[in-house]
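[1] how would this look folded up:
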Amino acid sequence: MTRGSLRMRLLAAGAASILIALALAGLGLTLLFERHVERRVIAELELNLRQLIGHLGRDQGGALRLERPLADPRFEQPLSGLYWQIVEGPGGPVLRSRSLWDEAVDLPADPLRTGEVHRHAVTGPGGAALLVLERHVALPQSLGGGTVRAAVAADRAEIHAAGRAFAGELAPSLALLASVLLAAAWVQVSVGLRPLDTIRRRLAAIRGGTAARMGTAFPDEVRPLAAEVDSLLDGQDASLERARAHAADLAHGLKTPLTVLAEDARELQSRGEANVAYEIATLVDGMRRHVERELARARAGVRAGRGAQQPVAPVAARVVDVMRRTPKGRPLRWQLDVLPDLSVRVDAQDLAEMLGNLVENAAKWAHTRVRLAGSPDGEATAVVLVEDDGPGVPEHERAAVLARGSRLDEGKPGAGLGLAIVGDLVEAYGGTLSLGPSTLGGLKVELRLPAG
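    Next comes the predicted model:
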């Protein structure tokens, strides 16, 4: 996959979304866990505050004291993170837990009604952030009356430490979940893009000639696209058919005038006007060549790209059998070496026209022997060779032989269009035509066509 791949883009977007969502979920869960821990700490502080108030008493000198220590031993450990403090009246003596050591909790000066509990966030020993619960208590007459401010506090660092521990334990689970979700995203993207791959393969089949249309076997979201492609193919076929019909009409419209002009040329020649007759005959021959070539190109334009698998051997055998019966082919030895399973994606009529022109040209120049062979060249290409033992064509003249209407020997019969027509047909099917020296001594014509 490349950076321009739609699959890569969807996977990247999905992965980014999953990672961001899981990161936010992890952060949210950690915060929720910390809030839960904080509520538990507040509940414990409320219990400790009630115990603290319940344990208040006075010594023989009348000073406030705790009748017994609180249950949590951390109140007795210096700077343990859990503290209590009692202030008697405004500006009165202060009692504090051993855990505060020589520090004090700086309570805000907010008014408290009796029995009311306030929650504060203050700075405690060593700059620690403390969560404080404070209550204003009216002492009973048995304790001498008066009021006190009782407070218990816990270090928030323990809450944050619990949150970090929870996040550490949550991270592997989120990582595993991310892996599962990424795998699910991969499957989802692969399944979602499968119709596009089906479209690609169906278009390749249409181009290769094994299918005519896209069809309707697609999901609802893709079916309109397939319908548009089929409509486009219908319009293309209609345009090609009209072009072919126009070319045929033009050819038929020109044949009669050309025949009349050819007769006029022969009549002029019989009257002794040879120069004028030659010029007219030359023009008629050139126009006829153009008409024949354009008709061949029109036929190829209609069928090219939609050729079904066509076995080469039967067509080659028919062409050679016909040529054997002609005056030019009767004295020659014919060698047919086409593999039986060789096939090409070319219309049968066009393949017969290609091989017919090449074999006819070879028979025209051969001395004693013509060879027609065919074999695969890889999985996508088939090679067809037509060779003869004639004089051949020099390398510097081979390009001229393929030119439109070119004839190296005006004494030989023909219009010089055979190789040019074959070249047009081969090009229409995406193949190539080349000339070279033959092992038989003459010319070798090589066709490379899409394999079936």
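
[2] Quick check: which ranges of this structure have low pLDDT?
    1-3, 208-209, 289-290, 292-308, 403-418 (pLDDT under 70).

[3] which residue ranges form the helices in it?
    For the chain, applying DSSP state H gives helices covering 6-54, 156-208, 223-270, 274-303, 312-324, 348-365, 398-401, 418-428.

[4] Nearest to residue 128 among these would be which one?
    The stretch from the helices of the chain with the least distance to residue 128 (C-beta to C-beta) is helix 156-208; that distance is 6.3 Å. Glycine gets a C-beta too; all of them are placed from N, C-alpha and C.

[5] who touches stretch 371-380?
    For stretch 371-380, contacts defined as C-beta atoms under 8 Å, 6 or more residues apart in numbering pick out 312-313, 316, 319-320, 334-339, 342, 355, 359, 382-388, 438, 440, 448, 450-451.

[6] which parts of it are buried?
    Within stretch 371-380, the residues scored as buried using 16 or more other C-beta atoms under 10 Å are 371-374, 376.

[7] Quick check: residue 136 touching residue 90?
    No. Look at residue 136 against residue 90 with C-beta atoms under 8 Å: they stay out of range, at 11.3 Å.

[8] more neighbours, those two?
    residue 136 (16 against 8; other C-beta atoms under 10 Å).

[9] Tabulate the buried residues of stretch 371-380 in JSON lines, adding columns for distance to residue 241.
    Below are the buried residues of stretch 371-380 laid out as JSON lines (distance: C-beta to C-beta, whole Å):
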{"residue": "371", "distance to residue 241": "38"}
{"residue": "372", "distance to residue 241": "33"}
{"residue": "373", "distance to residue 241": "36"}
{"residue": "374", "distance to residue 241": "31"}
{"residue": "376", "distance to residue 241": "33"}
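
[10] just these now: which is nearest residue 254?
    For these, the nearest to residue 254 is residue 372 (33.7 Å; C-beta to C-beta).

[11] Identify the bridge partners of the closest one.
    Beta-bridge partners recorded for residue 372 (DSSP bridges): residue 336, residue 386.

[12] among the helices of the chain, which is nearest residue 141?
    With C-beta to C-beta as the measure, helix 6-54 is the member of those nearest residue 141 (15.9 Å).

[13] picking that back up, identify, from the buried residues of stretch 371-380, the entry nearest to residue 205.
    Residue 205 lies nearest to residue 376 out of those, by C-beta to C-beta, at 20.1 Å.

[14] how about residue 119, what does it touch?
    With the criterion set at C-beta under 8 Å, 6+ apart, residue 119 makes contact with 42, 131-134.

[15] got the helices of the chain as CSV, with mean neighbour count and distance to residue 60 columns?
    As requested, the helices of the chain are exported to CSV (neighbours: other C-beta atoms under 10 Å; distance: least, C-beta to C-beta, whole Å):
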stretch, mean neighbour count, distance to residue 60
helix 6-54, 15, 21
helix 156-208, 14, 38
helix 223-270, 13, 98
helix 274-303, 16, 122
helix 312-324, 18, 125
helix 348-365, 22, 125
helix 398-401, 14, 130
helix 418-428, 21, 121
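
[16] can you redo those helices as JSON lines with distance to residue 141?
    Listed next are those as JSON lines, based on distance: least, C-beta to C-beta, whole Å:
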{"stretch": "helix 6-54", "distance to residue 141": "16"}
{"stretch": "helix 156-208", "distance to residue 141": "39"}
{"stretch": "helix 223-270", "distance to residue 141": "91"}
{"stretch": "helix 274-303", "distance to residue 141": "117"}
{"stretch": "helix 312-324", "distance to residue 141": "122"}
{"stretch": "helix 348-365", "distance to residue 141": "121"}
{"stretch": "helix 398-401", "distance to residue 141": "128"}
{"stretch": "helix 418-428", "distance to residue 141": "117"}
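
[17] between those, which one is nearest to residue 107?
    helix 6-54 (13.3 Å).

[18] Which of the buried residues of stretch 371-380 sits closest to residue 96?
    For the buried residues of stretch 371-380, the minimum distance to residue 96 (C-beta to C-beta) is 98.1 Å, reached by residue 376.

[19] In the beta-sheet assignment, what are the partners of the closest one?
    The residues listed as beta-bridge partners of residue 376 by DSSP bridges are residue 382.

[20] do you know how far it is from residue 451?
    6 Å (C-beta to C-beta, to the nearest Å).

[21] Now do the shared contacts for the two.
    Common neighbours of residue 376 and residue 451, using C-beta under 8 Å, 6+ apart, are 342, 382.

[22] and residue 145, what is it in contact with?
    138-139.

[23] I should have written residue 59 there, sorry.
    residue 65.

[24] Where do the domain boundaries of the protein fall?
    As assigned by automatic domain parsing, the chain contains the domains 56-156, 225-303, 309-450.

[25] could you dump the ones you listed to JSON lines with distance to residue 28?
    Formatted as JSON lines, the domains of the chain follow (distance: least, C-beta to C-beta, whole Å):
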{"stretch": "domain 56-156", "distance to residue 28": "19"}
{"stretch": "domain 225-303", "distance to residue 28": "41"}
{"stretch": "domain 309-450", "distance to residue 28": "56"}
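
[26] Compare these and give me the one nearest residue 219.
    Per C-beta to C-beta, nearest to residue 219 of the domains of the chain: domain 225-303, 9.9 Å.

[27] Next, residue 271: phi, psi?
    Backbone torsions for residue 271, taken as degrees, to the nearest 10, come to phi -90, psi 0.

[28] what residues are up against residue 132?
    Taking C-beta under 8 Å, 6+ apart, we find residue 132 in contact with 105, 107, 119-122, 151-153.

[29] In those, which residue is surrounded by the most others?
    When neighbours are counted by other C-beta under 10 Å, residue 152 leads the contacts of residue 132 with 30 neighbours.

[30] pretty sure residue 233 is in contact with residue 206, am I right?
    Yes. Between residue 233 and residue 206 a contact is recorded at 7.1 Å, counting by C-beta under 8 Å.

[31] Please enumerate the shared neighbours of these two.
    Here residue 233 and residue 206 have 212-214 as joint contacts, going by C-beta under 8 Å, 6+ apart.

[32] out of those residues, which one sits closest to residue 95?
    So of the shared contacts of residue 233 and residue 206, ranked by how close each gets to residue 95 (C-beta to C-beta), first place is residue 214, at 89.3 Å.

[33] which one is residue 46 nearest to, not counting chain neighbours?
    What sits nearest to residue 46 in space, not counting adjacent residues and going by C-beta to C-beta, 6 or more residues apart in numbering, is residue 133, at 6.2 Å.

[34] who are the neighbours in contact with residue 106?
    The contact partners of residue 106, taken as C-beta under 8 Å, 6+ apart, are 122-123.

[35] give me phi/psi at it?
    With angles defined as degrees, to the nearest 10, residue 106 sits at phi -80, psi 90.

[36] Ok, residue 221 next?
    According to degrees, to the nearest 10, residue 221 has phi -70, psi -30.

[37] For the nearest residue to it once chain neighbours are set aside, give me its contacts.
    Excluding its sequence neighbours, the residue lying closest to residue 221 (C-beta to C-beta, 6+ apart) is residue 195, at 7.9 Å. Residues in contact with residue 195 (C-beta under 8 Å, 6+ apart) are 218-219, 221-222.
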